[in-house]
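S.K.: model the following, please.
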Amino acid sequence: QIQLVESGGGLVQAGGSRRLSCAASDHTFSNYAMGWFRQAPGKEREFVGYISWAAGRNTAYADSVKGRFTISRDNTKNTAYLQMNNLKPEDTAVYYCAAETSGLGSRNHVDYTYWGQGTQVTISS
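M.R.: This next block holds a predicted model:
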């Protein structure tokens, strides 16, 4: 069972950038697609993006973050990243990474088996 730990959250000014990391517990990391989701207070969990397994040739993003956020992975470090640029107050949320076992990725959170504990990102206006 893979374990995931997010880091990199914090307080950022609007227009700024932040990179979140998601560290996996073992080398099977490369077998999983990695997704990022977020949840703001009082709202449902929202898809942010995913990257497919191994070389990560396929990515997908929510329309709300497309062109501002980029997902990448470094299988040598068992880590996935979410680079967030031009941040907006509406990006404020707890951000979660998750692992999906087919390796293809999905926009639906129910397709993900393993989840991190989340990291808070707050954007000040």
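S.K.: which of the helices or strands spans the most centrally placed residue in the chain?
M.R.: Geometric centre of the chain, nearest residue: residue 36, 2.6 Å, by Cα atoms, centre = their mean. Element membership for residue 36 (DSSP states H and E) is strand 33-39.
S.K.: list the buried residues in whichever helix or strand comes after that strand.
M.R.: The element immediately downstream of strand 33-39 (helix or strand, assigned by DSSP H and E) is strand 46-51. Neighbour counts using 16 or more other Cβ atoms under 10 Å place 47, 48, 49, 50, 51 of strand 46-51 among the buried residues. For the C-beta atoms, the positions are set from N, CA and C on the backbone; glycine is no exception.
S.K.: could you save these as CSV and add columns showing distance to residue 32 and pLDDT?
M.R.: CSV is the format used below for the buried residues of strand 46-51 (distance: Cβ to Cβ, whole Å; pLDDT from 0 to 100):
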residue, distance to residue 32, pLDDT
47, 16, 98
48, 16, 98
49, 15, 98
50, 10, 98
51, 10, 98
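S.K.: show me the two of these that sit farthest apart.
M.R.: Pairwise distances across these (Cβ to Cβ) peak at 12.9 Å, for the pair 47 and 51.
S.K.: which one of the buried residues of strand 46-51 is nearest residue 81?
M.R.: Distances from residue 81 to these, taken by Cβ to Cβ, are shortest for residue 51, at 9.2 Å.
S.K.: my read is that that closest one contacts residue 75, right?
M.R.: No. Counting by Cβ atoms under 8 Å, residue 51 stays clear of residue 75, with 10.9 Å between them.
S.K.: which parts of the chain are strands?
M.R.: Listed from the start of the chain, the chain has strands (DSSP state E) covering 4-7, 10-13, 18-24, 33-39, 46-51, 59-61, 69-74, 79-84, 93-100, 114-115, 119-124.
S.K.: relative to residue 106, which of those strands is closest?
M.R.: Here strand 93-100 is closest among the strands of the chain (Cβ to Cβ), at 5.7 Å.
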